[in-house]
Structure formats: C-alpha cells, structure tokens
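Trainee: following is a predicted model, sequence given first.
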Amino acid sequence: RPPAGAGRHRTPGLAAPTMTAAPLHPREAERLAALRSLGLSEAPHGAAGAASSDHAFDALTRLARALLDVPIAVVSLVDETRQWFPSRAGLDATGTPREVAFCAHTLLEDAALVVPDTTRDPRFAANPLVTGPPHIAAYAGVPLRTPDGLPIGTVCVMDVRPRPFPAEAMALLQDVAGIARRDVAQRLAAAEACRVARELEATREALEAVNRQQTLMLDNELVGIVRVRDRRILWANRAFCQLLGHAAGDLEGRPTRDLYPSDKVYRTLGTTAHAATTRGEKFRAHAPMVRRDGTPLWVDISGAPLPGQDDDSLWMVLDVTAMKHHQMRVEVLAYQDPLTGLPNRTLLHDRLSQALAAALRHPQQIAVCFGDLDRFKAVNDLHGHDAGDLLLQEVARRLKARVRAVDTVSRLGGDEFVLLLIGLADRAEGEAIVQRAADAVAAPFALPGGAEVAVGASFGVAWAEPGDTDAAALLSRADAAMYLAKRSRRGDAPTTT
C-alpha cells in the first residue's frame, strides 16, 4: 500500500507543518551510563551490511508486529546523538539522528507515547521520517527501562497510515516491553557480575604486590589463606576455616584431600597446581570444594611457591559460588526456553548445524518438523495466559514423549515448536514420528478448574538433501511447509517439502 505521506502538499494560506526535537531526559547522564553498561553497540555509521541484529530482541519485534498488526516494529536504544535499532522488523534503516527520533520523546513518558496521526501533531508533522521514508503516519512506543527505572530506549510500532491504538493494543505492547525489560535486567546483572570479577582480580593483584608471607598471612576475615607443604595444611587463617565450616586450628596437619568432593577433582587440581608451583609459577583456577557439613561450594583459588621455604606454597581462596550459579543461570537463559525448559532457537540451530555436518561424513536422513498450534489464541482469550502457559508446558511434555532420545524438541516462542529428527532409517519412520506428535497434541487438555480444551497442531516437514549445510534455510523450508499445511489442510496432516 502507498505510504500515507506520499503526495502530500501544503495548501496555500495554511501554516507550514512543524517539528519539535525532544528535550534531554532529567537524568540523562545516569541514563547514558546504564545504556553503556549493557555492552550493546551500533555498527559504524555507513558500514556495509547495516547494523547486526540482536537475536534476543528479534523475537520481540516480530511478536509486536504481529500482535498489533502493523508493518513496522522496532527495539530502539537512544544515546547522546543517535537512536539505533538492535532489532527491527519491516524497516531497512538501522538508526536515525536523535533530533528526529520519535523514541527520544517516548523516553520522557511515564507509560507510553501514542500518536494516531503524525501529520496533525505539531511535534512531528514536519519530521523527515513523516514527510519522507519510512513515511511514519502513526506511532506507539513504550519506554524500555532498567530495573532502576531509567529509560534507555523503547519498544515501538509504526504504521504508514493514520490509525488509533486502543487500550487493548497498548496492553499488548506493554507486555512485549515487559519481556524486553527482563532481558535488559539480565544483561545488567551479567555486566555487574563481570565488574565484580574485575574488582576481585584487582584486589588479588594488589595483595600479591606486597610481602606474601607477612601480609597475606594476616588473620583477616575476608580472604581465605592457607599454607601448604606436600599437600598437607600447615596453617589456615580464620577466613579460610570459616569458609569451610571449621573451627580455628582444626585444619592444621590435615591432607588437602579433605577439602575436595572427589578423588578425581583432587588429583586433577593437584597435578596441574603442583606442576606450576614446582616451576616457580603462580597457579589460579576455579574449583569445587566441600564444607565440613558436606555442602558444596565453588572457590577461586590462586597460589604461588614461597621462596626459600622448601616445598611450601601459599594460597588465597575466595568464595565464588554465587557467581558460578549466576553464570549457570545465564547459560540456561541463553540456550533454553524459560517456560518449557526446551532448547530455544539458538540451541536448535547449533544442533541442526552439527547434524548436517555429521551427515556430510556419514549420510543419514534428517527431518526438520515445524509445528504451530491451532486455536491456541482462543485458549488464552477464554481461559487466560496462565492456562495458556500450562498448555504449552503440557504440549512440550507430550512432544518429548513421542520422539526418540536422539531427537530434539525445541520451542521457538509463542505457540511454535520444532522437532529435529536425525539418524532416521527412512522417511516413513520420520513421518510416523510426526504423526504421533500431531496425534498427541490433538488429544484434549485438562485445564485447572475442570475445563477441557482441544487445540491440535499444523506440522510442516523439510527433509535435508545430500550436501545440505545451511541450517537456517532448512528451518525456513519447514516453516513454509507448516504454513502451507495450515492453509490447505487445517492441521489434519503434515506437509512435506
């Protein structure tokens, strides 16, 4: 459809359209500091290929575009001079100067900025994004805030024709922005963990710069320190004893094996550490230890030989259990769908790429089955999103029960699932698995409160051809086959490409 702004002209005698740049945010310096701490950056201006996309935000822009039925959806970040788009759907531009950015105005709003007709709003009527490409005629944006409430950007949608954004549509946009805010919070937490790690490293280097034996052996309560000879503890300070749940003096004379959860950990760490200290080098590692009551913990352990002290070495030990747990949570978020626990798109793509590479060496049948639930929106509308989440979790459980141990069941988001079937004897075996999966999803679901619903699913199947190496292309073929199945067969049988 032609853009709303195409062909507009000013009638003689009427005032010329105007444009107003947004003022700076009252907490601009704090806002910019929070933005920089995210670690996201725009590609160099004018670089070929445009700015790279952020996969974590791509699903959100696609979702916002579909939910509000608009041609353009964007996650925008606003710095000193520019707004730039780590994710965009339906828009070629990767950023704009800040002075013409609608999103710079949204930063100043408590809840949202809604402009049903930009040509009638004096702030935007003469904006080059209205009078020229992309011809924005309607805009709705929600501030993207840090946990401290600082707006660093927006989640916004645009149309090329004037249109209202009713309360129901804005509620959906607020939901999408809420997901984006949680992602930002996780990124900031990871950045803070890195900052703490750097501070710990700086503290350690400062301690090593002073006299080891006289200063590090101070009986402090912050850093665990232990002196070892022939893998036996000669002395341990109060912090080290407290860290492992022992009374002062209890550890002296005991073998260091008592500190570790298994013989394997003890041998592995001892071999590498002893080799380093024998050469007069420092040694550092993250290692599991065990407290007196059997509770496991992770420590950052670093040590060095004591000059002129026979085979003695001095070790500093810091508790990094919380950091380790945070790293594990970050890894789970990076590769698993948080609702169902299934592999997400990133992990699916990795496994599919590995399967295609293996098929080049040892030919095998590989099928990608793209599934989309039917009538799922009606469940959310009638029974609520909590019921919809429970249904998605049950779909995940049923699908996992219908495939083999070597196969992968993945959730891409929303009501989209993918089955990756590898090492199939023939296509008939793969088709039988997909049919079992379709039958399982078609069976009724019992919801809390006694309600029973039936959804079903449309599946599209794409088979890897000999020599295929492009995982994304194979997924796209399966996606296209699924949409063909949804249109022509209404989910009754899988379509194959």
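Mentor: That came through fine. Residues are numbered from 1 along each chain as shown.
Trainee: name the helix or strand for residue 381, please.
Mentor: helix 376-383 (DSSP states H and E).
Trainee: any regions of the stretch 101-250 of the chain where pLDDT drops low?
Mentor: Scanning the stretch 101-250 of the chain for pLDDT under 70 picks out 206-221.
Trainee: now do the helix holding residue 381: everything it contacts.
Mentor: Applying CB atoms under 8 Å, 6 or more residues apart in numbering, the contact partners of helix 376-383 are 387-388, 391, 415, 447, 451, 453, 455. Backbone N, C-alpha and C define where each C-beta goes, glycine included.
Trainee: can you flag the buried ones in those residues?
Mentor: Using 16 or more other CB atoms under 10 Å as the burial test, the contacts of helix 376-383 include 387-388, 391, 415, 447, 453, 455 as buried.
Trainee: just curious, which of those residues is nearest to residue 130?
Mentor: For these, the residue nearest residue 130 by CB to CB is residue 415; the value is 35.9 Å.
Trainee: pull the contacting residues for the residue lying closest to residue 259 once chain neighbours are set aside.
Mentor: With CB to CB, 6 or more residues apart in numbering as the measure, residue 289 is the residue that lies nearest to residue 259, at 5.1 Å, once sequence neighbours are left out. In this structure, residue 289 makes contact with 244, 259-261, 296-299, judged by CB under 8 Å, 6+ apart.
Trainee: strands along the stretch 251-400 of the chain, start to end?
Mentor: Shown for the stretch 251-400 of the chain, the strands assigned by DSSP state E, counting those that start in this stretch span residues 283-290, 296-305, 312-319, 365-373.
Trainee: list the helices and strands the longest helix seen in the chain packs on?
Mentor: Scanning the chain for the longest helix, with DSSP state H as the assignment, gives helix 167-208. In terms of contact count using 3 or more CB pairs under 8 Å, 6 or more residues apart in numbering; DSSP states H and E, helix 167-208 is assigned the packing partners helix 28-37, helix 55-68, strand 138-145, strand 151-159, strand 296-305, strand 312-319, helix 321-335.
Trainee: how about a cut-off of 6 Å?
Mentor: helix 55-68, strand 138-145, strand 151-159, helix 321-335 (3 or more CB pairs under 6 Å, 6 or more residues apart in numbering; DSSP states H and E).
Trainee: make a markdown table from these and add distance to residue 351 and mean neighbour count to it.
Mentor: A markdown table is the format used below for the helices and strands packed on helix 167-208 (distance: least, CB to CB, whole Å; neighbours: other CB atoms under 10 Å):
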| stretch | distance to residue 351 | mean neighbour count |
| --- | --- | --- |
| helix 55-68 | 16 | 20 |
| strand 138-145 | 32 | 25 |
| strand 151-159 | 30 | 27 |
| helix 321-335 | 10 | 14 |
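Trainee: select, out of those, the one closest to residue 167.
Mentor: Go through the helices and strands packed on helix 167-208 one by one with CB to CB and the one that ends up closest to residue 167 is strand 138-145, at 11.4 Å.
Trainee: quick check: residue 468 is in a strand.
Mentor: No - when DSSP: H, G, I helix; E, B strand; the rest coil is applied, residue 468 is found to be coil, with no strand at that position.
Trainee: any idea how many residues pack against it?
Mentor: Applying other CB atoms under 10 Å, we find 18 residues neighbouring residue 468.
Trainee: and if you look at residue 239?
Mentor: A count of nearby residues for residue 239, using other CB under 10 Å, gives 21.
Trainee: surely it and residue 225 touch.
Mentor: No - taking contacts as CB atoms under 6 Å, residue 239 lies outside contact range of residue 225: 7.0 Å.
Trainee: most neighbours per residue, which of the strands of the stretch 251-400 of the chain?
Mentor: Ranked by average neighbour count under the criterion mean count of other CB atoms under 10 Å, those are headed by strand 365-373 at a mean of 24.
Trainee: name the residues that touch it?
Mentor: The list of residues contacting strand 365-373 from outside it, by CB atoms under 6 Å, 6 or more residues apart in numbering, reads 355, 359, 415-422, 424, 430, 434, 455, 457-464, 474, 478-479, 482.
Trainee: quick one: pLDDT of residue 323?
Mentor: pLDDT for residue 323: 84.
Trainee: ditto for the one 3 residues further on
Mentor: Among the per-residue scores, residue 326 shows a pLDDT of 79.
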